[in-house]
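*Asks:* pasting the sequence and the predicted coordinates here, then a few questions.
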Amino acid sequence: MDFKFENIDEDFRSEIKDFVEKELPWNWREQDLDPEDEKDSVLVRDFKRKLGDQGWLTMAWPKEYGGQAASHMRQVVFNEEMAYRGISAGDAGVRMVGPILMLYGTDEQKEQFLPKIANAEINWSQGYSEPDSGSDLASLQTRAVEDGDDFVVSGSKIWNSAHADSDWMFMLVRTEPDAPKHRGISFVLTELEGQEGVTIEKIPMMWDAYRGLVTFDNVRVPKKNLVGEQNRGWYVGAALLDFERSGVDRPARAKRVLEDLVEFCKENKKNGRLLADDPVIRNQLAELAVQVETTRLMCYNVAWMQSQDLIPNKEASITKVYGTETVNRLYGLGIKIMGLYGQLDPDSKWAPLKGRIENAWLRSFGGMVAAGTSEIQRNVIAQRGLELPRG
Amino acid sequence: MDLGLNEAQQMLKTTAQDFLSTECPDTYVREMEEDERGYTPELWTKIAEQGWLGLIIPEQYGGVELEFQDLVVLLEEMGRYMLPGPFFSTVVLGGMSIMDAGSEEQKQEYLPRIAEGQIIMTLALTEPSARWDAAGVELTATATGDSYTLNGTKLFVQNAHVSDYMVVAARTGTSEENISLFVVPTQSDGINQTLLKTIASDRQSEVVFNDVKVPSSALLGEENKGWETIQKVMQWGAIGKCAEMSGGGQQVLDMTVDYAKQRTQFGRPIGSFQAIQHHCANMATDVEGSKFITYQAAWRLSEGLPADREVAMAKAWVSDAYRRVCALGHQSHGAIGFTKEHNMQLYSRRAKASEILFGDTDFHLENVANIIGL
Ligand SMILES: Cc1cc2nc3c(=O)[nH]c(=O)nc-3n(C[C@H](O)[C@H](O)[C@H](O)COP(=O)(O)OP(=O)(O)OC[C@H]3O[C@@H](n4cnc5c(N)ncnc54)[C@H](O)[C@@H]3O)c2cc1C
Ligand SMILES: Cc1cc2nc3c(=O)[nH]c(=O)nc-3n(C[C@H](O)[C@H](O)[C@H](O)COP(=O)(O)OP(=O)(O)OC[C@H]3O[C@@H](n4cnc5c(N)ncnc54)[C@H](O)[C@@H]3O)c2cc1C
């Protein structure tokens, strides 16, 4: 047992803090930015480029691709410090497309994309889910038909970030409808910008943002944009490079929310009594602090297992379920603590903490559904982790 | 960072599992629930031979001189096998009090005998007020010449009925933390004990002190400074209990998963029903969390780092988590798990008792509230 980070990683932590305090173009204590929101995405993109210049975005990449092969625990430090300040440094290009290209891409693809990914020059959108294929992703129906040097793509992809300043989509398409469902899928890269046949709709969400619905109507995607073998896309898409993937951003963000709520309780009264003196609120907020701490340790364990070449399997799912549910409870409690004020939208002059808690609570439901719902995670814990029989 | 067990700890764990599975099977646990003493001297001797009683006692006093985090690994397995008897009260409560506050002479007198299994000890802290703070200590010790006279009542004293000595927390002054500790032979004149019947079938007593005289050499540490030691012992005790709960929780999870694979209803194993799968997934989550939040606190205590925050968080979380694990374990077992013959109920009764010891969840959450700045 040893719960301390290496000294060099702690030094790195201070380096990040200093950099962010100096370079961040907005006040993170006051304002949350959403990289998938149109108005914020430009600011975020610019800042990401600065992180790219530091070599930090791709620190987890192997050295041969310009990365630093940073240890998992060092990545944890980076992800923690960014998330604590509300900066979403997790970039689909860096985390998903880049590694997939390293494993499966042609030399030409690597040359074309990797440098731009490393500099955050391309905004990627993830085109996996479809209106009729969510948890059962392998049932996806977006068709890609071979025609000369192209695939002709038709269908729709939903819940992605294509509406928010996206340049390219990495997507799963069906290239062989008669094969068993996992074996007829291919992984392709599709340019969205100025693409004929692509319609991007914005779906307003219950929180202050949109998700994208992209319709493909006979869209021509050059075959050179196929990554990996045709009909092997399911396996290509599942490839993960050795990134820390503990979800440590959740407890890190939650830590900051806890701090904000503690401050709020010290400054505000309910029924004539300081909130911080209310035994029920003390108890409930402390309970959430404990749950956030537990989440943090679970995340550390996932990253640490990776660092030991152990494969976090049920551990990763446990962390995702518990982390997303904890965050949801935390924001919910935050609203309750604020009483009537808790219901105010971010743009109200009366809204405490600029309405961040209200909006984040609404958004936090998404966490329990995106990237594998809580139910699917529990199935994984039970069936893969505890080896209970499939139904 | 190393969130797992080191090689020596892994070995200790394996040894403990081997030993306890043979020496402390569920049949023994059940027998001891009914036994007058609640343990057998034969097993006590064997435990001493393992070196466990002196695990964290310095070598110069006949111990093995390992760290608190190593003891935690052992306690996890004792929780898993529900080892009955006075191990915890002797080693963690009595032994660690003496290690912390004892004079050289006192250490020489008691620690080697603890390590060798010659004496059994306990801590007499709580009283009928059932409080965990210094104000709860009302039993008085009055200095008269070179002795003290103790008067008052201790309640919920673990294993007092078989202890040779009790470390007694007594009031020696009027301000709240004017508490002193005394090592008192249990057989002293004026001590009267009555056993309590408890949910976990462990052995706790009411111990009444009626003009009990002890020499001033019985004073452990400085007069009026005893509360400092008690606070540390409370932390060690809380994390020790967390370790037992964490090990117990792991066992309840394992048992439940095994049962879910075997038990067939509607023509298929109940473990194939998603409702049961999700119960098990939730149990696994609680068990996972219990382990790391306990280890973190144990590590800090071992390293002598400030640990108020981590200890409070651990005891708050594990107390609730273990109860939840047992509740889902019961639910997944159906009626059979409620029977005396089944082990499930042995765990759930202990879970409830451990939840309350050394401060329940609310007690520790109030500490957390203070620490996070509320
Ligand atoms: C905020 C947000 C961002 C997202 N971003 C993207 C993105 O960028 N790109 C992208 O491709 N997708 C994205 N998604 C989509 C996401 O991957 C899907 O929402 C998710 O996989 C669930 O699919 P679904 O919404 O169709 O729900 P469904 O799969 O229809 O599930 C509905 C309910 O049924 C339950 N259920 C389904 N199957 C089972 C089962 N086998 N056992 C038990 N319960 C089951 C689910 O748990 C859920 O409660 C995003 C979603 C959200 C909320
Ligand atoms: C206090 C008490 C009094 C009782 N009194 C009587 C009595 O007087 N007369 C009498 O005949 N019986 C009595 N019973 C028995 C009672 O009806 C059964 O215990 C109950 O039907 C459950 O059966 P089981 O215990 O065999 O559990 P199981 O059926 O083996 O169930 C074990 C677990 O699997 C789950 N499970 C089983 N099937 C499914 C499924 N399809 N989907 C999801 N989960 C499933 C259960 O919910 C449970 O969590 C009594 C039970 C108790 C506890």
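*Replies:* Received, thanks. Ligands and ions are numbered 1, 2, ... in the order given.

*Asks:* next, the contact list for B:Leu196, please.
*Replies:* Applying Cβ atoms under 8 Å, 6 or more residues apart in numbering or on different chains to B:Leu196 gives the contacts B:155-156, B:204-206. Any C-beta I mention is one placed from the backbone N, CA and C, and that applies to glycine too.

*Asks:* isn't A:Phe19 right next to A:Gln54, touching?
*Replies:* Yes. The pair A:Phe19 and A:Gln54 qualifies as a contact (Cβ atoms under 8 Å) at a distance of 6.9 Å.

*Asks:* circling back to that earlier point, go through the contacts of B:Leu196 and say which is closest to chain A.
*Replies:* B:Phe156 (24.0 Å; Cβ to the nearest Cβ).

*Asks:* quickly find the element holding A:Thr190.
*Replies:* A:Thr190 is part of strand A:185-191 when elements are defined by DSSP states H and E.

*Asks:* what comes up buried for that strand?
*Replies:* Using 16 or more other Cβ atoms under 10 Å in any protein chain shown as the test for burial, strand A:185-191 gives A:185-191.

*Asks:* for residue 68, which non-adjacent residue is spatially closest?
*Replies:* By default, I'm working from chain A. Nearest residue to A:Gln68, sequence neighbours excluded (Cβ to Cβ, 6 or more residues apart in numbering or on different chains): A:Met59, at 4.5 Å.

*Asks:* meant chain B actually
*Replies:* Nearest-residue entry for B:Phe68: B:Ser302, 4.5 Å, with adjacent residues in sequence omitted and distances by Cβ to Cβ, 6+ apart.

*Asks:* if you count contacts, what does the host helix or strand of the one you found end up packed against?
*Replies:* Assigned by DSSP H and E, B:Ser302 belongs to helix B:274-303. Using 3 or more Cβ pairs under 8 Å, 6 or more residues apart in numbering or on different chains; DSSP states H and E, the elements in contact with helix B:274-303 are helix A:279-307, helix A:314-338, helix A:374-380, helix B:68-80, helix B:226-262, helix B:308-333.

*Asks:* can you give me the buried ones in it?
*Replies:* B:276-303.

*Asks:* one more: stretch B:47-54?
*Replies:* Quick answer for stretch B:47-54 (16+ other Cβ under 10 Å): B:47-48, B:50-54.

*Asks:* could you do stretch B:54-73 as well?
*Replies:* Residues of stretch B:54-73 classed as buried by neighbour count (16+ other Cβ under 10 Å): B:54-57, B:61-64, B:66-73.

*Asks:* any part of stretch A:269-289 near chain B?
*Replies:* Yes. Judged by Cβ under 8 Å from any Cβ of the partner chain, stretch A:269-289 comes into contact with chain B at A:276, A:279, A:281-283, A:285-287, A:289.

*Asks:* if I look at B:Gly334, how far off is B:Thr256?
*Replies:* B:Gly334 sits at a distance of 11 Å from B:Thr256 (criterion: Cβ to Cβ, to the nearest Å).

*Asks:* against B:Arg263, how distant is whichever residue of chain B sits closest to ligand 2?
*Replies:* Taking Cβ to the nearest ligand atom, ligand 2 has its nearest neighbour within chain B at B:Gly334, 2.3 Å off. For B:Gly334, the distance to B:Arg263 equals 8 Å [Cβ to Cβ].

*Asks:* give me the low-pLDDT residue ranges for the stretch 201-350 of chain A?
*Replies:* Along the stretch 201-350 of chain A, the model assigns pLDDT under 70 to residues A:240-242.

*Asks:* show me the chain divided up by domain.
*Replies:* Just going to use chain A. Chain A is divided into the following domains under automatic domain parsing: A:7-118, A:124-237, A:249-385.

*Asks:* please refer instead to chain B.
*Replies:* Annotated domains of chain B cover B:7-119, B:123-224, B:228-371 [automatic domain parsing].

*Asks:* tabulate the buried residues of stretch B:47-54 (JSON lines), appending pLDDT, distance to A:Tyr65 and secondary structure.
*Replies:* As requested, these are exported to JSON lines (pLDDT from 0 to 100; distance: Cβ to Cβ, whole Å; DSSP: H, G, I helix; E, B strand; the rest coil):
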{"residue": "B:Ile47", "pLDDT": "98", "distance to A:Tyr65": "57", "secondary structure": "helix"}
{"residue": "B:Ala48", "pLDDT": "98", "distance to A:Tyr65": "59", "secondary structure": "helix"}
{"residue": "B:Gln50", "pLDDT": "97", "distance to A:Tyr65": "53", "secondary structure": "coil"}
{"residue": "B:Gly51", "pLDDT": "97", "distance to A:Tyr65": "53", "secondary structure": "coil"}
{"residue": "B:Trp52", "pLDDT": "98", "distance to A:Tyr65": "52", "secondary structure": "coil"}
{"residue": "B:Leu53", "pLDDT": "98", "distance to A:Tyr65": "57", "secondary structure": "coil"}
{"residue": "B:Gly54", "pLDDT": "98", "distance to A:Tyr65": "55", "secondary structure": "coil"}
